[in-house]
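**Q** how would this look folded up:
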Amino acid sequence: MIRPHSILPIRSHGRSAARGFTLIELMITLTVLAAVMVILLVIMRAAQGSKVSTSNQIEASQAARVALDMLTRDLRSAGYGADRYYAAAPQPPIAYIDSMQVLINANLQPTTAGSDTVPLPPLAYNPNGSPRPFPLNGTTWQPPIKYRRGAELIRWTLDVDNDGVVNANDINNANGIDARRTPNPSDYELVRQVYGDSTGNINNYNGGQIERVALVRLPGGSVPAMFQVYLNGSSTPYDWSNGPVPASKLAQIERIMVEVVAPAARPDKKGNYAESRMRTEINSIRNVPNFGMEEYPVDGYIFNDLNANGTYQSALEPGLAGAYIQCGAYSTTSAANGYFLFRVRAGTYTVRHTAPPSYHGTNVPDSVVVSVGPTTNPSATVNFADAPTPGGWVGITDTLSTAGPAPPDACGRAGAVAVAWACAGTGWAGLTAGEPVGGTERGRGAGWA
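**A** Sure thing, here's the model as predicted:
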């Protein structure tokens with residue numbers, strides 16, 4: 001028997017369940033990924049730019065803050081230890097100031113050799129020494145003398161090469177190296193210098209070493225002046241179009257506005273340089289009291305009048321320390337060099353003195369009347385001549401003769417057996433071969449004049 005063939009199932013060869021991406025799907029995916037990457041790159045670039053900008057701003061702010069802090073510290077010390085009592089021209093707290101530099105008188109190292117009038121090096125700036133800052137070299141701001149106290153001269157300036165002009169030469173100077181290192185063409189070097197005679201114990205050497213402090217913008221155009229000065233009684237700042245503050249008005253400076261503009265060393269993505277502006281105001285200068293009324297100097301010397309002419313000759317006649325001087329209700333004593341000084345308000349005063357021990361005054365009359373004030377005299381000088389006071393007794397023994405013991409006298413001393421005896425004061429005298437001079441022994445043998 002023939003069996004029919006078995007009917008086998010026919011397999012379908014249709015599309016499998018596991019399949020790949022079409023080209024369209026791949027393009028859509030890549031487009032989305034590219035968009036995400038672009039967004040991430042934009043975010044990262046913005047973050048990087050923000051980091052650079054913030055870093056530049058911080059750098060500029062730090063530079064401005066350092067410069068401002070150091071500068072204002074020196075300004076607040078202006079006048080400390082200055083020779084304010086030099087009658088001819090008192091040493092001002094501010095020696096010079098214009099829109100982009102200031103020179104300050106202040107004693108940075110107030111160490112003295114046992115006396116405030118005997119400072120130790122560095123001393124005050126010496127106008128006859130070297131080096132010299134340009135504004136004080138042969139100008140009306142040049143000090144008349146090397147002041148007697150130890151206030152040095154502190155200079156803040158952009159004039160690195162000391163030629164009186166701030167320009168590209170200051171950047172190309174050896175001390176403008178920081179400005180040359182940056183790509184910012186607006187960078188200028190703000191420097192600090194200290195001048196003082198006998199720096200390093202070298203006579204007539206003013207020092208003036210440069211300390212590079214910060215990179216700042218040069219005042220001008222949109223950049224404000226580094227300094228604004230207000231004089232006594234003025235509500236508006238001094239006009240820099242008139243030049244620096246005149247030497248005659250330096251003592252009238254009441255307050256100073258300081259503004260520093262410090263740029264960043266690197267540009268941002270747009271090629272711009274971040275800037276930081278900081279401002280402060282010094283309303284009062286330390287150690288320069290202003291009591292609202294002008295004071296006038298009355299000074300002079302107490303001296304040993306060697307030639308008895310009553311006129312003080314400083315090179316020949318030494319000053320006397322310890323004399324007591326009165327000027328109206330004021331009083332003082334003379335210094336080691338015989339100098340004394342009063343600062344008084346306008347008026348008329350009687351000046352008199354009491355000679356130091358072993359001396360007596362020779363002025364006739366023994367007091368002087370002086371008047372000082374804006375309509376009379378801006379100052380007054382009175383010198384007092386003194387001479388050694390002879391006194392005591394002289395007892396001399398030799399083989400000439402014996403005058404016997406000297407009797408008690410107005411000197412209050414009993415005599416001694418001597419060839420001669422004398423009281424050089426108002427008492428007795430028993431000298432027969434001459435007179436003693438000023439109680440000293442000189443001349444022939446036994447001390448005759």
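
**Q** from here on, just use CA atoms for contacts and neighbour counts.
**A** Will do.

**Q** could you dump the host helix or strand of residue 349 to PDB, C-alpha only?
**A** Element membership of residue 349, judged by DSSP states H and E, is strand 347-354. This file holds the C-alpha atoms of strand 347-354, laid out as PDB (Å, rounded to 0.1, in the frame of the first residue of the first chain):
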ATOM      1  CA  GLY A 347      50.000 139.200  69.700                       C
ATOM      2  CA  THR A 348      52.700 141.100  71.600                       C
ATOM      3  CA  TYR A 349      55.000 139.200  74.000                       C
ATOM      4  CA  THR A 350      57.800 140.000  76.400                       C
ATOM      5  CA  VAL A 351      60.700 137.500  76.000                       C
ATOM      6  CA  ARG A 352      63.200 137.200  78.900                       C
ATOM      7  CA  HIS A 353      65.500 134.500  80.100                       C
ATOM      8  CA  THR A 354      67.400 133.300  83.100                       C
END
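
**Q** neighbouring contacts of that strand?
**A** Applying Cα atoms under 8 Å, 6 or more residues apart in numbering, the external contacts of strand 347-354 come out as 323-328, 360-361, 366-373, 382, 384.

**Q** which of those fall within strands?
**A** Among those, the subset assigned to strands under DSSP state E consists of 324-327, 360-361, 367-372, 384.

**Q** give me the phi and psi for the residue nearest to residue 269 when sequence neighbours are not counted.
**A** Nearest residue to residue 269, sequence neighbours excluded (Cα to Cα, 6 or more residues apart in numbering): residue 49, at 6.8 Å. Backbone dihedrals for residue 49, given as degrees, to the nearest 10, come out at phi -60, psi -40.

**Q** hmm, residue 49 is touching residue 266, no?
**A** No - using Cα atoms under 8 Å, residue 49 makes no contact with residue 266, being 11.9 Å away.

**Q** between those two, who's got more neighbours?
**A** Set side by side, residue 49 and residue 266 show more neighbours around residue 266, with 18 against 15, by other Cα atoms under 10 Å.

**Q** circling back to that earlier point, from residue 92, how far off is the residue nearest to residue 269?
**A** Separation of residue 49 from residue 92 (Cα to Cα, to the nearest Å): 50 Å.

**Q** again with residue 316
**A** 31 Å.

**Q** comparing these two, which residue is more hemmed in?
**A** Per other Cα under 10 Å, whichever of residue 316 and residue 92 has more neighbours is residue 92, with 23 against 11.

**Q** list the residues that contact that one.
**A** 79, 82, 84, 105, 250, 251.

**Q** helix/strand/coil for the third one?
**A** Yep, that's residue 84 we're talking about. Classification of residue 84 by DSSP: H, G, I helix; E, B strand; the rest coil places it in coil.

**Q** contacts only, for it.
**A** 90, 91, 92.

**Q** related to what we said a few turns ago, looking at the contacts of residue 92, which is nearest residue 96?
**A** residue 250 (7.4 Å; Cα to Cα).

**Q** that's a strand at that closest one, yeah?
**A** No - assigned with three-state DSSP, residue 250 falls outside any strand and is helix.

**Q** what about the nearest residue to it once chain neighbours are set aside, how many neighbours?
**A** What sits nearest to residue 250 in space, not counting adjacent residues and going by Cα to Cα, 6+ apart, is residue 94, at 6.3 Å. Neighbour count of residue 94, defined by other Cα under 10 Å: 22.

**Q** and residue 94, its phi and psi?
**A** phi -110, psi 120.

**Q** that one and residue 106 touch, don't they?
**A** No - counting by Cα under 8 Å, residue 94 stays clear of residue 106, with 9.0 Å between them.

**Q** care to break the chain down by domain?
**A** 55-282, 296-388, 391-449 (automatic domain parsing).

**Q** redo those as JSON lines? Include mean pLDDT and distance to residue 24.
**A** Output for the domains of the chain, formatted as JSON lines (pLDDT from 0 to 100; distance: least, Cα to Cα, whole Å):
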{"stretch": "domain 55-282", "mean pLDDT": "89", "distance to residue 24": "39"}
{"stretch": "domain 296-388", "mean pLDDT": "90", "distance to residue 24": "99"}
{"stretch": "domain 391-449", "mean pLDDT": "42", "distance to residue 24": "128"}
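
**Q** could I get those in TSV, plus columns for distance to residue 39?
**A** Conversion of these to TSV gives the following (distance: least, Cα to Cα, whole Å):
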stretch	distance to residue 39
domain 55-282	18
domain 296-388	77
domain 391-449	106
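
**Q** with respect to residue 32, which of those domains lies nearest?
**A** For the domains of the chain, distance to residue 32 was read as Cα to Cα. The smallest value, 28.1 Å, belongs to domain 55-282.

**Q** and the end-to-end length of that closest one?
**A** 30 Å.

**Q** off-centre distance for that domain?
**A** 10 Å (Cα atoms, centre = their mean, to the nearest Å).

**Q** so which of the ones in strands among the contacts of strand 347-354 is the most crowded?
**A** Neighbour counts for those, by other Cα under 10 Å, peak at residue 384, which reaches 29 neighbours.

**Q** neighbours around the closest residue to that one other than its chain neighbours, how many?
**A** Distances taken as Cα to Cα, 6+ apart put residue 302 closest to residue 384, at 4.9 Å, once the chain neighbours are dropped. For residue 302, the count of nearby residues is 32 (other Cα under 10 Å).

**Q** does residue 302 sit in a helix, a strand or a coil?
**A** Of the three states, residue 302 takes strand according to three-state DSSP.

**Q** ok, residue 210 - how many residues close by?
**A** As a burial measure, residue 210 scores 15 neighbours (other Cα under 10 Å).

**Q** need the contact list for it.
**A** 175, 191, 192, 193, 194.

**Q** adjacent strands (with direction) for the host helix or strand of it?
**A** Per DSSP H and E: residue 210 is located in strand 207-216. Strand pairing for strand 207-216, using DSSP bridges, gives strand 188-195 (antiparallel).

**Q** C-alpha coordinates for the partner strand, PDB please?
**A** Taking Å, rounded to 0.1, in the frame of the first residue of the first chain, the C-alpha atoms of strand 188-195 are listed here in PDB:
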ATOM      1  CA  TYR A 188      52.800 101.900  34.200                       C
ATOM      2  CA  GLU A 189      54.900 101.100  37.200                       C
ATOM      3  CA  LEU A 190      54.000 102.800  40.400                       C
ATOM      4  CA  VAL A 191      57.100 103.000  42.600                       C
ATOM      5  CA  ARG A 192      58.000 104.200  46.100                       C
ATOM      6  CA  GLN A 193      61.300 105.800  47.000                       C
ATOM      7  CA  VAL A 194      62.700 107.000  50.300                       C
ATOM      8  CA  TYR A 195      65.300 109.800  50.400                       C
END
